[in-house]
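> after the sequence you'll find the predicted model.
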Amino acid sequence: MGKLFFGDNLDVLRAEIADGSVDLIYLDPPFNSKRDYNLLFKSPKGQPSDAQVTAFEDTWQWGEQAEREYYELLHQPNTDAAEMIQALRRFLKESDLMAYLVMMANRLLELHRVLKPTGSLYLHCDPTASHYLKIVLDTVFGAENFRNEIVWKRTSSHNDPKRFGNIHDVILYYTKTGQFIWNLQYVQYDDEYIKRFRFTDPDGRKWTDDNLTAKGLSGGGYTYEYKGVTSLWRVPLGTMKRLDKEGRLYFTKSGGIRLKRYLDDRKGIPVQDVIIDISPINSQAAERLGYPTQKPLALLERIIQASSNPGDLVLDPFCGCGTAVHAAQKLGREWIGIDITHLAISLIEKRMRDAFPGIQFEVYGTPKDLDGARELARRDKYQFQWWACSLVNAQPYQGKKKGADSGIDGVIYFQDDETGAKKIIVSVKGGEHVSVGMVKDLIATVEREKAAIGLFVTLAEPTKALLTEAVSAGFYPSPKGDVPRIQVLTVGDLLTGKAKPQYYDLALGGHTFRKARVEKKRAVQDKLL
């Protein structure tokens, strides 16, 4: 069964993941690119196209947290790592890059701990910090356990002023020891290669001919006569007879014998360390969920198939929108995903349930009761807002932006007739008290935004005066019956299922998160009679 953890992966690794329990780790951490990454949401026609929220800020700064983790690195058992991180700090000083490397070093030490002796790790990065990350990995895993620097061509062209176009990412591949799982992967032949197979048998099998003589080769051969042809052959007589029986000999018009090589016998070209056959996710891709830095499913499938077997455990400690855990589930592996934003966890939950109907997996770290909700609201109000929006299947609105639109925490698009999509405004309140004025503000926001309904989601219990004010907003005429225009929903009632938003939707909520396509079950061949 799969597991999703909401929280800092360093804390989760230390508290939840046992030593030597993981077969394969894939991580695609932030690259220290100094950028904010926005998650795009699916919006129906006629609605604003800028529905987005800042999924994460890829900006690192030296501060108290970096100093604390640096101190931890100096006092952990791997003395090589302690020496390395001190040397890097002397060179990089207390820079943003140094803060990033300290964060990564601490987590890579934990990832090394949880990996099985036969396990592998793939770290996906770009040239911003890949050279420093390789130093860290060499120290943690040992330079002798470095296997490949894999180059993935993520786009065909890029216009970068005054330099060569940056069109690739780097994937650093390490193993824990010299004994590791490896399943060689193949890619299909190109059209030019296939054209070499110019002959076709009556049953449709394509083949090309190859030399069977050993003339000109060092190392000798076998001299004998076969069916009237005497030569120095590459194979002994017994093999020649077997090939003939199997229909793999080609008797030429000139009286020679050549070997038939069938196209369908060949697995393909072994995968190399430059990947050019897997395209990035473009705006029209069926698997696109709108998450920043989303990687193609095919890329993760190749990595998982190469370095794990069915039933093995795959871990992604920066799981983002969940491509690695999706691929793991599809390929019959167990999986663990960790992310520090509830936005990502909510997206993965929906993605997995959409792609694998009936799937069962566990989610840890998200509030399960009122005490947990209060603790999340106390720690991080934005994570609480994102989590509360997920309780009503709403998309967060513009993330941590402040200003004129701060009264809107979430949006739901729905359609209940033939006139097009309509909008529900969500206002989340995580404080200990709520007031009548807050409901008045929501009523004004619903009117300003020309929304159909407003949801007032509150952690605190509403007062009688607040409920009276909500009722004063009247009703929305739904085709299935009038519903309150302003609906007050407590987090406690949403958690227990006592309450839920009241509205009718022809699309069943399909206008919020993008929907992952359903994965087809792989056919199993019946036993032959």
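The structure has been received and is ready for your questions.

> and for Y250, the neighbour number?
Residue neighbour count, defined by other C-beta atoms under 10 Å, stands at 17 for Y250. All C-beta atoms are positioned from the backbone trio N, CA, C, and that covers glycine.

> three-state assignment of the closest residue in space to it that isn't next to it in sequence?
In space, Y250 comes closest to R258 once its chain neighbours are excluded; the distance is 4.6 Å by C-beta to C-beta, 6 or more residues apart in numbering. Of the three states, R258 takes strand under DSSP: H, G, I helix; E, B strand; the rest coil.

> so which bits of the helix or strand hosting R107 are buried?
For R107, the host element (DSSP states H and E) is helix 96-114. Using 16 or more other C-beta atoms under 10 Å as the test for burial, helix 96-114 gives 97-114.

> stretch 482-499 now?
Within stretch 482-499, the residues that count as buried by 16+ other C-beta under 10 Å are 483-492, 494-495, 499.

> quick one: neighbours of H342, just the number.
Neighbour count for H342, taken as other C-beta under 10 Å: 25.

> I'd guessed it sits against Q385; true?
No: taking contacts as C-beta atoms under 8 Å, H342 lies outside contact range of Q385: 9.0 Å.

> how does the chain divide into domains?
For the chain, automatic domain parsing gives the domain ranges 2-59+113-187+270-364, 197-265, 370-496.

> and the strands in the stretch 101-250 of the chain, which stretches?
Listed in chain order, the strands of the stretch 101-250 of the chain (DSSP state E, counting those that start in this stretch) span 115-125, 146-153, 168-175, 186-187, 199-200, 206-210, 222-226, 229-233, 249-251.

> give me the contact list for the fourth one.
Residues outside strand 186-187 that contact it (C-beta atoms under 8 Å, 6 or more residues apart in numbering): K267, G268, I269, P270, V271, D277.

> cool, the fifth one as well?
The set of residues external to strand 199-200 that reach it, using C-beta under 8 Å, 6+ apart, is K206, W207, T208, D209, Y250, K260.

> just the helices in the stretch 1-150 of the chain please.
Ranges of helices within the stretch 1-150 of the chain are 9-16, 64-74, 79-92, 96-114, 130-141, based on DSSP state H, counting those that start in this stretch.

> distance from the chain centre to the fourth one, please.
For helix 96-114, the gap between its own C-alpha mean and the chain's C-alpha mean amounts to 20 Å (C-alpha atoms, centre = their mean, to the nearest Å).

> now it against helix 79-92, angle please.
Interaxial angle of helix 96-114 relative to helix 79-92 (axes from the mean of the first three to the mean of the last three C-alpha atoms, to 10 degrees): 170 degrees.

> start the count at 40 instead of 1 going forward.
Renumbered: residue one is now 40, and that last one reads helix 135-153.

> which helices and strands sit right next to helix 135-153?
Contact partners of helix 135-153 among helices and strands, from 3 or more C-beta pairs under 8 Å, 6 or more residues apart in numbering; DSSP states H and E: helix 48-55, strand 61-66, helix 103-113, helix 118-131, strand 154-164, helix 169-180.

> got it, and the first one?
On a contact count with 3+ C-beta pairs under 8 Å, 6+ apart, helix 48-55 meets helix 135-153, strand 373-378.

> contact partners of that helix?
The list of residues contacting helix 48-55 from outside it, by C-beta under 8 Å, 6+ apart, reads 44, 108, 145-146, 149-150, 152-153, 356-357, 377-379, 403-404.

> swap the cut-off to 10 Å and go again
42, 44-47, 56, 61, 66, 68, 108, 111, 142, 145-146, 148-150, 152-153, 354-358, 375-379, 403-404 (C-beta atoms under 10 Å, 6 or more residues apart in numbering).

> which stretches of the stretch 90-239 of the chain have low pLDDT?
The model of the stretch 90-239 of the chain has pLDDT under 70 over residues 90-98.

> swap in the stretch 440-568 of the chain?
440-445, 547-554, 560-568.
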